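[1] got a sequence here, can you build the structure:
(chains A and B)
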Amino acid sequence: MKMKKILIFIVGAVLLNSCSNEWLDVAEPHDGSVTPNVLYVNEQSITNAVVGSIDILREYYHDRHVTVGLRYYNLGFDFMGNDVISNPGQWWTYESSWHPLITSTTGYQTSYHWTMFYKVINDVNTKIAGIEESKVSDDIKTKYIAELRAIRGLSYFSLAREYQFSYAHIEKTAPCVPIYTTPTTSETKGNDRASVQEVYTQILSDLDFAVSNLTASRAAKFRINKNVAQAWRANVHLEMQSWALAEADANAARQGFTLMDKTTYQTTGFHNIGTGEWMWGFPFQPDQAWGYASLFSHIDIFRPQNGYKNFFINENFVALFSATDMRNVFVTPTPIYTTARPWAKYGARKFQDRQPDADGDWVMMRASEMLLVEAEAMAQQPAKVAQAAALLFSLQSHRDPNAVASGNTGSALIDEILVERRKELYGEIGTEWFDLKRYNRPMVRTGNHALSHKFTVPAGDKRWVFQIPQTEFDRNPNITSQNPR
Amino acid sequence: MKKIFFLLFTFLLTVGVSYAQTKVTGKVISSEDGLPAIVTVSVKGTTAGAYTDGEGKYSITVPNNQAVLVFAGIGYTTVEVPVNGRAVIDVTIKPDAVSLEEVVLTAYGPQSKKAFTGTASIVKSDEIANLKVSSVSKALQGLASGVLVVNTNGQPGENATIRVRGVGSFSGSSEPLIVLDGVIYNGNLNTINPSDIESFTVLKDANSTALYGSRAANGVIMITTKIGRPGKTKISASASYGVSTRAVKDYAYLNNQQYMELMWERMYGDNLRSGQVTDEAARLLATNQLTATTVYNPYNVANPIGTDGKLVAGATLLYQENWEDALFQTGQRQEYNIQASGGSEKNRFMISGGYLDDEGLVKMSRFNRYSIRGKIDAGLGDWLKVGLNMGLSYSKQNYPTQGGSSIRNSVLFVRSVASIYPAYVRNRDGSFILDEKGQKIPDYGRNTVWGTDRPVFAGSNPLGTFTYDDISSNRLMSNNSAFIEAKLLKDLTFKSTIGVDYYLLSGKQYYNNIIGDGTAYGGRSQRDRTTTSTIIWTNILTYDKTFGDHHVNALAGTESYDFQTDYLAAEKRGFDFADQELDYGANLITASSNRTASRNFRYLARANYDYSNRYHISASLTYDGTSRFHSSSRWGTFWSVGGGWNIANEEFMQVTSSVINTLKLRASYGTSGNQNLGYFPYLATYASGWNILGSLGSAVSTLGNNNLTWEKQEQIDLGIDFGLFSNKLTGSVTYYNRKSKDLLMARPLPISAGITSFNDNIGQVKNTGVEIDMKGIILDSKDFSWDLGFNLTFQKNRVTDLPVEQIKGFNAANNKRIEIGHSMYSWYLQEYAGVDPQDGKPTWYKDVLDAEGNVTGRETVKTYSSATRYMVGDALPYAMGGINTNFNWKGLSLNVITSFALGGKILDTDKAGLMSLFSNDRTGYQASADATKRWQKPGDITDVPYLSGSSMSFNSASTFWLKKGDYLRVRSITLSYDLANFNAIKKLGLGSAKLYVSADNPITLFGEEGLDPEQGLNGVTTNTSSSMKVLSFGLNLEF
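    Okay, the predicted model is just below:
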């Protein structure tokens, strides 16, 4: 019976051996997902978090081959202008025709922009909160939070420019976009649209913090340093017509970057992130190339490999370039040109892919843009018109050895700068479209666009302001107003 | 020790008083199988006793002639025999009815069937013995009510999908819990040798599954393997050989003449409709351009179709390819099993070994399995028992692609490449071109004979790809458990069981560098290895006591469950040799590993109380914790109650007792959970891989939800069991209502929240049904017996709550919609309105709306994209079941098993693919014989539009391709004869020697040609291989 007593004891022990939560806690995922407790441990892990946020801007894929990251976002606006032409039977035709699929409630572009930027915003908000709670030094915290806030500032700025009229042409109390500065949780119900003023206050608060706490040094050119943050703030000030602030930021931002020479411009200048003029860009390597979805599949229409090859140039725009301008890289006829396809007359050898990889790095910001922001901001200040003209000419003469200074002043000078911005930046950051919106001007299609793409959008037309995706209204009980159609 | 003392005492007693006593000897055999039985033989009223030996013989000394011998043993009814002065007493002892027939295996211990208050389906080994199933998952089809078993393809070794009482989860798993010999089983079902199985018990109601708490919501299937019975050691051996072909014929295709004539008709029609040419010119153009379009020409003249659209005189057919013959095979199936079992009263064992070799429909498709299992139960003294159960199974599965849209898929290939294209390279005169070894060469469609590539699937031919490619996997399953059981007090038993399983799945995918889609990479090879380990420890204390009319059985215990899975894979591209190992490859493309885990802990308790064999109640309680949820929401309580009333045992029923032998009402209600929602569905995570070149990055991926918890289920069962005419007709009818709530779904967030949704407990689904089981013994005479059984289940699945009103495109294909009030598997499709007799164009219905958007009527439209989509039925059957019968006549027996399903619609996209009607983008594609029904001239009444190069979307998803899923399949017919009926055979020492022939899936009654009615739960065809028809013969020997 002794044995039995022992056994009864064992039984009791086993049954009473209550399971603790710790025993269940031992199970952890190691399935490629990362949990917060490893992401905010030290500078290296925090860098991992920041790179992830930037990479959303690089390769966030919405649902089609024209909705990828910030670069395709920019390109879409180029196609909405007059200078760049789309094949009417190809991707970008909807952008080019201002189709409801682009700008209205169920449009794919509006859905892609809205989704991508708010994904970035929540990603940044979550990471800022994570870094703030981490045990790293305050210096490290500030540095990385500054980089993340710069990204958030850019995101809100992009949304504000798209979902409302330009700052100078709208009531500051008008509804803009919802603001979130804390991480989304399961309790999040959604915010209403904040006013234009509130959104711009948020943008400046983020970019001011970034500019104050970042330095020029950075680990790689895709990272956000002080120059990049300052450049973004320069554009914000330009939008807000704070000319002096725009001038100062643009000037400070472009320090340390030099304009590229003719050879570079006509060969590697638009696929090599190492180009000295690039202030910000995204690198690519062959195994990250995306085949048909890749950027150069769209915009290098001359490459030997297959691709969408849909980036044609308006003959009227081509006519703006002198023969000796290094930027005159236009080719006619293009491989697909026929008399039935007048829109295919001109192509540009601006964006040449990196052979034999059939891909290349993406340019996101160049020093020449900042030079032109500075020139425009000075031209708007009566005391600095001459300096503006001189600065403009320094770019013009660099691009074209035979350039002659126009002698323009006043609005003529400003218009000349806007044309120069188009000539310099077409196909890069949607310059023409955003400038038209900034100066509240109509979009007038001219030249050899396909007939279906030849129309005018008057200044102040409702279509300049994208509608917020319907799904936001379906799911956000607090959002109250939609942009009209 | 006790036994030894006892024997010694008996011996002393025997020796001491032998002069006054008589010796009785004899043999005890079992009435069940005529084999020796091991029992105790004792003299009633004394302590004198003896055991029978291995041959059933005993010897006992009795005090006097009036003594009564008592024969008793586990599993047998106790028999008392007065000695009456005899010296030799042979006894045939009957198996104990309760132990063999009347026990239900429930969670953590058996229960008497009479007292059982729940609902269970039991399928015994003899019912499945002759089924040629390579995975036990397929065995239950048609044999158990409430259990839906659907084959998914014809690859041997693949598991069927099993659903118990409908589908109760959207995002979580709806797989039932498998319990193998009392231990939760995580491994692949195809690693278990079906011939090792003694029985399946499917526990369906809440009360019998409740002890499995958070794992019970989808039902529990208890699989019990064989163990020896006391008595002479039994050796059984079986061998079978069979050939397998597809159970359902493939679709009928156009022959070459039809193909060329219809292609001509399409080209002529297009020319004419272009309005650019005259009728005459349109005809001539079609005649002259025909073979330039098809590229290959199976006729001996350049333009085989004349301007009248008919084959020209003198045109001779050079060949007509049968791609089915080229790519499919008649499989061979061999299976060998040997088993030894036996033991004594206290020690029992079973050892088995098996080998299976099963070939599938697609060439190279094959499954080999080697399995061994050993079981020992040993009694150590009177109060202690230990047991060991070890199974090891190794299998190799060669799995050439046989489903989906890859051009490697042989089934797709057969349905894509027309018979005008040869499988092997031919000259223009139809003769084969041979290689230097005189072998035929697969035609990849890139040969120079016709100058241009084959218009369909150029560069591909599965004859090449499946020869050079290798898509296979090896599985090793080691399934082990051991227990110790101690009788602590007279009525109190403690049992501790530990189960340790280890499963290794090793996969290989090699795409060669010579032909097929591997060539783009110079060949590519991926190797992967997944291991899973499961450790389960169960401790149960059981109290069982009978006093007077009262019987109490209560148990309490704990169970811990520790699971880990580990994955490792690498891929290289660029190979110079045909060697598939990564060491021979050039570029490393991926190298990855990951692992994840889950743990469970459960406290459980159950009490059963029976009064006077009439009233039975049962209650259980489980407190369950899991690692899958946040520590604040991971513990849950599940409970159940059940009651039974054996009316037939009531006094007042005595008058009808000659007719009604059994009549029982039972009811149960309880709750359970489903935790199979992914390993860490509640966790906030970042996804790695947001890298920029060498800089690693992570981005927010999922939103945490600390409140997330298991899906819950409430189930009610109301049932009646009856037995009439000496229980020759038995049956039961059960109604169930299974409400699943707090279902895991993605709760949508505003887009501006930056994360589109998070996992939450929201939806609700209700599954209701009626299960009917009947079994009748129609004849039972000495030489002839005949029984008939059938089961029928009506089931209904309804979504009752969702986070949004409807979810479109659920379940992979975008042709379903989840909507409140409908089945989870509801079709949402365009409704086909037939062909306009005037112009031959297809039409669909479209709702007509008024200004407010209300539907006021319907019209037909000719543009598919503008047609309205409607809810047009359910992919799940509303009724299913089986009919089974056995005839026995003097050792000759015939056994038939059928299964059927009613309702359940199938979207036959495979057929739609064959009805592209020669559209330009499908030039050279295989075409259904139904293309001949095309519209030709105004006034023609047909469902098939005219042939046209531009697609009119006729073959896009619509109700036209939605086929009724009603079917009846004879799963097996077996005719066997026991050769032991011949004395000459019996003298060889054979207990039985059954020779049989069987046909598996010989007959399928189904409305649609070409389509296998079993297409998975989803009901969408994807060019998969179909179920196999197996004709086999075999021999089962027992020594």
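[2] go ahead and confirm residue B:423 touches residue B:461.
    Yes: under the contact definition of CB atoms under 8 Å, residue B:423 touches residue B:461, with a separation of 7.0 Å. C-beta here means a position set from N, CA and C on the backbone, and glycine is covered the same way.
[3] more crowded one of the two?
    Per other CB atoms under 10 Å in any protein chain shown, whichever of residue B:423 and residue B:461 has more neighbours is residue B:461, with 31 against 21.
[4] excluding covalently adjacent residues, which one is nearest to the residue in the stretch 701-850 of chain B positioned nearest to chain A?
    Here the residue of the stretch 701-850 of chain B nearest chain A is residue B:754; by CB to the nearest CB that distance is 2.4 Å. Using CB to CB, 6 or more residues apart in numbering or on different chains and skipping residues adjacent in sequence, the residue nearest residue B:754 is residue A:122, 2.4 Å away.
[5] sec struct for the nearest residue to residue A:66 once chain neighbours are set aside, please.
    Spatially, and ignoring its direct neighbours in sequence, residue A:66 is nearest to residue A:91 (4.7 Å; CB to CB, 6+ apart). Look at residue A:91: counting by DSSP: H, G, I helix; E, B strand; the rest coil, its state is coil.
[6] what sits against residue A:91?
    Taking CB atoms under 8 Å, 6 or more residues apart in numbering or on different chains as the contact definition, residue A:91 lies against A:64-66, A:298, A:308, A:310.
[7] next one, pLDDT for residue B:624 please.
    At residue B:624, the pLDDT value in this model is 91.
[8] hang on, I meant residue B:591
    For residue B:591, the model assigns a pLDDT of 88.
[9] now the nearest residue to it once chain neighbours are set aside: which helix or strand?
    What sits nearest to residue B:591 in space, not counting adjacent residues and going by CB to CB, 6+ apart, is residue B:570, at 4.5 Å. When secondary structure is defined using DSSP states H and E, the element that contains residue B:570 is strand B:550-575.
[10] just to check, residue B:364 is in contact with residue B:397?
    No: under the criterion of CB under 8 Å, residue B:364 makes no contact with residue B:397, lying 11.1 Å away.
[11] more neighbours: which of the two?
    Neighbour comparison, residue B:364 and residue B:397: the larger count goes to residue B:397, with 24 against 20 (by other CB under 10 Å).
[12] next one: phi and psi at the more buried one?
    Listed backbone geometry of residue B:397 is phi -120, psi 120, with angles given as degrees, to the nearest 10.
[13] pLDDT at it, what is it?
    Model confidence at residue B:397, given as pLDDT, is 92.
[14] quick revisit: what is in contact with residue B:423 and residue B:461 at once?
    In the contact map built from CB under 8 Å, 6+ apart, the residues linked to both residue B:423 and residue B:461 are B:442-443.
[15] got a list of what the residue nearest to residue B:591 touches?
    B:526-528, B:582, B:588, B:590-592.
[16] which one of these is nearest to chain A?
    The shortest distance between chain A and any of those, using CB to the nearest CB, involves residue B:592 and amounts to 7.8 Å.
[17] ok, the closest one - contacts?
    Contacts of residue B:592 by CB under 8 Å, 6+ apart are A:32, B:567-570.
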